[in-house]
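[1] Sequence and predicted model, in that order:
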Amino acid sequence: MAENIKVYVPDNSIKKGYRSLFREMAEEVRTSKWLTWQLFKRDFKIIYQQSVLGILWILIPPMMTVGTFIFLNDAGIFNVGDISVPYPLFALLGVALWQVFATGLNSTTNSLMAAGSMISKINFPREALVFSSMGKVLITFLIQMGLVVVLFVYYGIVPPWTVILFPFTLIPVLLLALGLGLILSILNGVVRDVGRTLPIITTFLMFLTPILYATPQSGFLATLTEYNPLYYLLIVPRDLILIGETSLWDGYLISSLLSIGAFFACWIIFHLTETRIAERI
């Protein structure tokens, strides 16, 4: 009588094929929707607990940043360049868009470390932690956009019809922040310096991207801006709201394709390594 022999091998998603891999990833997102929503609500409430100013902390940082550059420009210390719309509106919208990327990247990078005990004790899709942290960024952005609307009313400016395209043009920068956050969250579990140095890097990148000043036309910064994907991903949405047109569609399309590709590549790597995360947190 022949014996039935069952051989156990290490789980290897790559051997299953990419079609099976994508099915697993999609299934994890579907089954973790409720958990992602609960994590989002918990984290958003915790941020402003025992805070006197509460939700006003969402508006204070961008207002202080814009106010600083207004003061520097008026004092002749820094020239913001030729701006065709009121500078406070130009700068505040730019900062709000920048924080979608920078705050999203910082939040997702630290999402796994912030839930270290949960990861080590409970088996669940780790993507839920990263995705829920991105939800807080979107709520923050919507609140800041309320202040932008107030400025539109204050200056008596009616947005062009292209404003309806604005939500769709934000998708690539969201995917880029989320994709990079998936990878950096793993690296942050291995090397804690990643989470500590990231805010410094994103602040430095903000000053290299024409968010608070007009696009440079010559010099090293102009060349750097031309090859900066964030420039196209952030300036095109702002142009559609402020002036209703843009000349950066080619760069935006290329940057968007790079963002989408980076997101899926990073998500695949995260999915293949998430079972080993608990060992490092």
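    Thanks, I have it. Keep in mind the model is a prediction, meaning the values are calculated, not measured.
[2] Point to the helix or strand of the protein where mean pLDDT is at its lowest.
    The least trusted helix or strand in the chain, going by mean pLDDT, DSSP states H and E, turns out to be helix 116-121, with a mean of 67.
[3] just checking, next helix/strand downstream of that helix?
    helix 127-155 (DSSP states H and E).
[4] And the helix or strand following that next one, what does it pack against?
    Downstream of helix 127-155, the first helix or strand assigned by DSSP H and E is helix 166-169. Helices and strands touching helix 166-169, as assessed by 3 or more C-beta pairs under 8 Å, 6 or more residues apart in numbering; DSSP states H and E, comprise helix 229-242. From N, CA and C alone the C-beta is placed, and that goes for glycine too.
[5] which strands and helices sit next to the helix it packs on?
    helix 87-109, helix 166-169, helix 171-190, helix 249-273.
[6] elements contacting the first one?
    Put plainly, it is helix 87-109. helix 60-74, helix 127-155, helix 171-190, helix 193-208, helix 229-242.
[7] Minimum distance to Phe264: which of the ones you listed has it?
    Across those, Phe264 has its closest neighbour in helix 171-190 (7.5 Å, C-beta to C-beta).
[8] got the CA positions of the closest one in PDB?
    Written as PDB, here are the backbone C-alpha positions of helix 171-190 (Å, rounded to 0.1, in the frame of the first residue of the first chain):
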ATOM      1  CA  ILE A 171      -4.200  60.600  -7.800                       C
ATOM      2  CA  PRO A 172      -0.600  60.200  -9.000                       C
ATOM      3  CA  VAL A 173       1.000  62.100  -6.100                       C
ATOM      4  CA  LEU A 174      -1.200  60.100  -3.700                       C
ATOM      5  CA  LEU A 175       0.000  56.900  -5.300                       C
ATOM      6  CA  LEU A 176       3.600  58.000  -5.200                       C
ATOM      7  CA  ALA A 177       3.500  58.900  -1.500                       C
ATOM      8  CA  LEU A 178       1.700  55.700  -0.700                       C
ATOM      9  CA  GLY A 179       4.100  53.500  -2.700                       C
ATOM     10  CA  LEU A 180       7.200  55.100  -1.200                       C
ATOM     11  CA  GLY A 181       5.600  54.900   2.200                       C
ATOM     12  CA  LEU A 182       5.100  51.100   1.800                       C
ATOM     13  CA  ILE A 183       8.800  50.600   1.200                       C
ATOM     14  CA  LEU A 184      10.000  53.100   3.800                       C
ATOM     15  CA  SER A 185       7.800  51.600   6.400                       C
ATOM     16  CA  ILE A 186       9.600  48.300   6.100                       C
ATOM     17  CA  LEU A 187      13.000  50.000   6.000                       C
ATOM     18  CA  ASN A 188      12.000  52.000   9.100                       C
ATOM     19  CA  GLY A 189      11.400  48.800  10.900                       C
ATOM     20  CA  VAL A 190      15.000  47.700  10.100                       C
END
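[9] For that helix, buried residues please.
    Within helix 171-190, the residues that count as buried by 16 or more other C-beta atoms under 10 Å are 172-186, 188-189.
[10] From the chain's centroid, how far away is that helix?
    How far helix 171-190 lies from its chain's middle: 8 Å, per C-alpha atoms, centre = their mean, to the nearest Å.
[11] and it with helix 87-109, angle?
    With axes from the mean of the first three to the mean of the last three C-alpha atoms, to 10 degrees defining the directions, helix 171-190 sits at 40 degrees from helix 87-109.
[12] helices and strands around helix 171-190, which ones?
    helix 87-109, helix 111-114, helix 127-155, helix 193-208, helix 229-242, helix 249-273.
[13] Export these as CSV, with columns for mean neighbour count, distance to Leu35 and mean pLDDT.
    Shown next, in CSV, are these (neighbours: other C-beta atoms under 10 Å; distance: least, C-beta to C-beta, whole Å; pLDDT from 0 to 100):
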stretch, mean neighbour count, distance to Leu35, mean pLDDT
helix 87-109, 23, 16, 90
helix 111-114, 22, 13, 75
helix 127-155, 18, 5, 86
helix 193-208, 14, 23, 87
helix 229-242, 23, 29, 93
helix 249-273, 16, 16, 91
